[in-house]
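J.: could you work out the structure for the sequence below:
(one chain, ligands or ions: 1)
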Amino acid sequence: MFRGSIMKSKELFERAQRVLPGGVSSPVRRFDPHPFFAAGGKGCILESVDGKSYIDYCLAYGPLILGHAHPRVVEAVERQIERGTTYGVPSEGEIELAETIIDRVPCAEMVRFMNSGTEATMAAVRLARAYTGRDKIVKFEGSYHGAHDYVLVKPGSGAAAAPDSPGIPEDTVKNTLTTVFNDEEAMVELIDGMGDEIACILVEPVMGNIGCIEPENAYLNFLRDVTRENDILLIFDEVITGFRLAAGGAQEYYRVKPDLVTLGKIVGGGFPMGALAGPRQIMENIAPAGSVYQAGTFNGNPVSVTAGLETLKILDDKMYSSLERMGSHLRAGLRDLLSDMDLEYQVAGPASMFQIYFTEDEVRNYADAKKSDTELFMKYFHGLLERGVFIPPSQFECCFISAAHEMDHINSTLEIAEDVLSHLKN
Ligand code: PMP
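T.: Below is the predicted model of the structure:
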C-alpha cells in the first residue's frame with residue numbers, strides 16, 4: 001500500500017536529529033538504534049517508509065481504538081474540513097460531543113474541551129484547588145498526567161527514565177505529594193493530619209504509564225471513601241481508560257464515580273483533544289461561568305470534535321465485548337507461552353490493555369514495576385519489531401488492541417511472540 005525504500009528511516013532520523021531535539025517530537029518515540037518513520041496506517045497495520053508493515057499495538061499510545069484511518073471517521077473529518085477548520089465561535093458539534101460524553105461517563109454533567117491530556121489535568125488541578133481552597137495535591141509514584149509542572153513528580157511514561165526534570169522550581173511542586181498505588185495504609189498515613197490541606201487525589205484508575213497496573217479489589221472504592229471523608233476531590237485521569245475499558249470508562253468498569261474526570265486520546269478520535277468533565281456544581285466555576293481561568297484558541301476545535309463524535313458513535317457494546325475477548329485471548333496466550341519457558345514474568349492488563357513485565361513478583365505499584373528486567377523487555381520489543389509487531393518501545397508504557405484487530409491478528413501475534421520469547425534468553 002505504502003511504498004518505501006530500505007533504510008529510509010535511518011536517513012530520516014539523521015536528518016531529524018539536526019532539527020528536532022533527539023530526532024523526535026516526544027521523548028518515548030525514540031528508541032535505539034533509531035525509530036522507524038511512518039508512511040501511513042490503515043486499520044491495525046502501521047507501515048514504515050522502509051516498506052515494512054507492523055501489526056500495531058501502540059496505536060499512537062491509545063487514541064486509535066478504531067485503528068488507523070477508519071473510513072467513517074475520515075469521511076466525517078473531510079466533510080468538516082471543507083466547512084472550515086476552526087472558528088473562534090462555538091459550533092454545534094461541541095454540544096453534541098458534550099452530550100454524548102455526559103450520556104456515557106457517570107460523573108459528567110458538564111464538559112470543557114481543550115487540546116491535550118496535559119491541559120486537562122492542569123485545568124483539573126487548578127479547578128480542584130479553587131473549589132476546595134486548598135493547595136496540596138496527591139498523585140501516585142509512577143503515574144503520568146502530562147508534561148506540566150504540577151504533576152511531573154515521580155512520573156511514569158517517558159519521564160520515568162529521568163524523573164526529576166530540570167526547570168521545575170521547587171516551589172511549584174512543593175504542594176505535589178506522592179504515595180504508593182494499591183496501598184491503603186500509605187494513603188491513610190499521608191492524609192492523616194493534613195487531610196484538610198489536600199485539594200484532590202489525582203489517579204489513573206489503571207496505571208497505564210508504568211506498564212499496566214490494575215487497581216486491586218476495592219482500592220478505588222477506598223479512594224472514594226477516604227476522599228469523601230476528608231472533603232478532598234477525587235479526580236480520575238481517564239486520558240487512557242476513558243472510552244477504552246467501557247463506554248463510560250474506568251468509572252463504569254470498576255463502578256466507582258469520581259468527582260472529576262480528565263479525558264484525552266480516544267475522545268478526539270485520532271486528533272488532538274483533551275476534556276475535563278464533572279458535576280455542574282464544580283464545573284460552573286470555570287470561566288466564563290465562574291472565575292477559574294481556562295482558555296484555548298483551539299478549544300473545541302471542530303475537526304477534533306467531529307472525529308471524536310464519529311468515533312464515539314461507532315463504538316458500541318459489541319465492540320467492547322470483542323475488545324475484551326481479544327484482550328483475554330492475547331493475555332492468556334502470552335501466559336501459556338511464558339509458562340513453558342525459563343523466564344520470570346507477569347502478564348498484566350484489563351480489557352484491551354496489556355503488558356508483560358519480566359519479573360518474579362506481582363506488579364502492584366511503581367517500585368514493583370521498576371524491579372522488572374527492562375533490558376530483557378527491550379530484547380522482546382526488538383524481537384517483535386523485526387517480525388512485524390509494533391508495541392510501545394518501553395517497559396513503562398501500555399499496549400492496546402483496537403477494534404480493527406481480528407482474532408487472526410491476535411493469533412499470528414502469539415505465534416510471533418512464541419518465536420521471540422523462545423529466543424530471549426540466548
Ligand atoms: N494522563 C494520562 C493518563 C496519559 O496517559 C497522558 C498521555 N499519555 C496524559 C495525561 C497526557 O496527555 P497528552 O499527551 O495528550 O498531553
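J.: which positions in the stretch 1-150 of the chain make contact with the ligand?
T.: 61, 116, 117, 118, 121, 144, 145, 146 (CB under 6 Å from any ligand atom). (C-beta placed from N, C-alpha, C; glycine too.)
J.: so what's the residue nearest to residue 135 when sequence neighbours are not counted up against?
T.: Distances taken as CB to CB, 6 or more residues apart in numbering put residue 175 closest to residue 135, at 4.6 Å, once the chain neighbours are dropped. Shown in contact with residue 175 (CB atoms under 8 Å, 6 or more residues apart in numbering): 135, 136, 137.
J.: what is the burial count for the closest residue to residue 33 other than its chain neighbours?
T.: Closest residue to residue 33 apart from its sequence neighbours, by CB to CB, 6+ apart: residue 10 at 7.8 Å. Using other CB atoms under 10 Å, residue 10 has 14 other residues around it.
J.: now residue 10, what's its secondary structure?
T.: helix (DSSP: H, G, I helix; E, B strand; the rest coil).
J.: my guess is it contacts residue 35, does it?
T.: No - the criterion here is CB atoms under 8 Å, and residue 10 misses it with residue 35 at 10.1 Å.
J.: okay, the contacts of residue 175 in CSV with neighbour count, secondary structure and pLDDT next?
T.: Putting the contacts of residue 175 into CSV (neighbours: other CB atoms under 10 Å; DSSP: H, G, I helix; E, B strand; the rest coil; pLDDT from 0 to 100) gives the following:
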residue, neighbour count, secondary structure, pLDDT
135, 12, coil, 98
136, 19, strand, 98
137, 27, strand, 98
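J.: mind putting these into CSV with distance to residue 321?
T.: Converted to CSV, the contacts of residue 175 look like this (distance: CB to CB, whole Å):
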residue, distance to residue 321
135, 44
136, 41
137, 37
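J.: for the closest residue to the ligand within the stretch 1-150 of the chain, which non-adjacent residue is spatially closest?
T.: For the stretch 1-150 of the chain, the residue closest to the ligand is residue 117, as judged by CB to the nearest ligand atom, at 2.3 Å. In space, and not counting its chain neighbours, residue 117 is closest to residue 264: 3.2 Å by CB to CB, 6+ apart.
J.: list the contacts of the one you found.
T.: 63, 116, 117, 120, 239, 242, 273, 274, 275.
J.: model confidence for the fourth one, exactly?
T.: Spelled out, that is residue 120. Confidence at residue 120, expressed as pLDDT, is 98.
J.: secondary structure element for it, which one?
T.: helix 117-132 (DSSP states H and E).
J.: next one: that helix to chain centre, how far?
T.: With CA atoms, centre = their mean, to the nearest Å as the basis, helix 117-132 stands 18 Å off its chain's centre.
J.: list just the nearest of the contacts of residue 175 to residue 191.
T.: For the contacts of residue 175, the minimum distance to residue 191 (CB to CB) is 10.0 Å, reached by residue 136.
J.: surely the closest one is in contact with residue 173?
T.: No - using CB under 8 Å, residue 136 is not in contact with residue 173; the gap is 11.0 Å.
J.: and residue 296, how far is that from residue 236?
T.: Noted for residue 296: a distance of 22 Å to residue 236, by CB to CB, to the nearest Å.
J.: and those two? which has more neighbours close in?
T.: Higher neighbour count among residue 296 and residue 236: residue 236, with 29 against 15, using other CB under 10 Å.
J.: hang on, isn't the more buried one packed against residue 261?
T.: Yes - the pair residue 236 / residue 261 is scored as a contact, 5.0 Å apart, by CB under 8 Å.
J.: now the common contact residues for those two.
T.: 107, 249, 251.
J.: with those residues in mind, which one is nearest to residue 374?
T.: residue 249 (29.3 Å).
J.: for the nearest residue to residue 268 once chain neighbours are set aside, give me the pLDDT.
T.: Of all residues not flanking residue 268 in the chain, residue 304 sits nearest, at 4.5 Å (CB to CB, 6+ apart). pLDDT, residue 304: 98.
J.: circling back: among the contacts of residue 264, name the buried ones.
T.: 63, 116, 117, 120, 239, 242, 273, 274, 275 (16 or more other CB atoms under 10 Å).
J.: and the third one, how far from residue 376?
T.: In this case it means residue 117. 30 Å.
J.: now do the fifth one
T.: As defined by CB to CB, residue 239 lies at a distance of 29 Å from residue 376.
J.: select from the shared contacts of residue 236 and residue 261 the one having the most neighbours.
T.: residue 249 (28 neighbours).
J.: could you look up the SS state of the residue in the stretch 151-300 of the chain positioned nearest to the ligand?
T.: Closest contact between the stretch 151-300 of the chain and the ligand, by CB to the nearest ligand atom, is at residue 239 (3.5 Å). Using three-state DSSP, the structure places residue 239 in coil.
J.: got the contact list for it?
T.: 62, 117, 120, 121, 145, 146, 204, 262, 263, 264, 265, 274 are the contacts of residue 239 under CB under 8 Å, 6+ apart.
J.: repeat that with 7 Å
T.: If you count contacts by CB atoms under 7 Å, 6 or more residues apart in numbering, residue 239 has them with 117, 120, 262, 263, 264, 265.
J.: residue 244 touches residue 352, doesn't it?
T.: Yes - in this structure, residue 244 is within contact of residue 352 by CB atoms under 7 Å, at 6.4 Å.
J.: ok, residue 425 - how many residues close by?
T.: Neighbours around residue 425, by other CB under 10 Å: 10.
J.: tell me how many other residues crowd the nearest residue to it once chain neighbours are set aside.
T.: Once flanking residues are discounted, residue 425 sits nearest to residue 342: 6.4 Å by CB to CB, 6+ apart. Look at residue 342: counted by other CB under 10 Å, it has 7 neighbours.
J.: what of residue 138?
T.: 23.
J.: so what's it bridging to?
T.: For residue 138, the beta-bridge partners are residue 177, residue 201 (DSSP bridges).
J.: how much space separates it from residue 179?
T.: Taken as CB to CB, the span from residue 138 to residue 179 is 6 Å.
J.: gap between the residue nearest to residue 135 and residue 150?
T.: Residue 175 is 8 Å from residue 150, by CB to CB.
J.: just the strands in this protein please.
T.: 38-42, 45-48, 53-56, 110-114, 136-140, 176-179, 198-203, 233-237, 260-264, 274-278, 346-348, 353-357, 389-390, 399-400 (DSSP state E).
J.: how about CSV for these, with distance to residue 309 added?
T.: Converted to CSV, those look like this (distance: least, CB to CB, whole Å):
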stretch, distance to residue 309
strand 38-42, 21
strand 45-48, 25
strand 53-56, 24
strand 110-114, 11
strand 136-140, 31
strand 176-179, 34
strand 198-203, 27
strand 233-237, 22
strand 260-264, 13
strand 274-278, 12
strand 346-348, 32
strand 353-357, 24
strand 389-390, 28
strand 399-400, 21
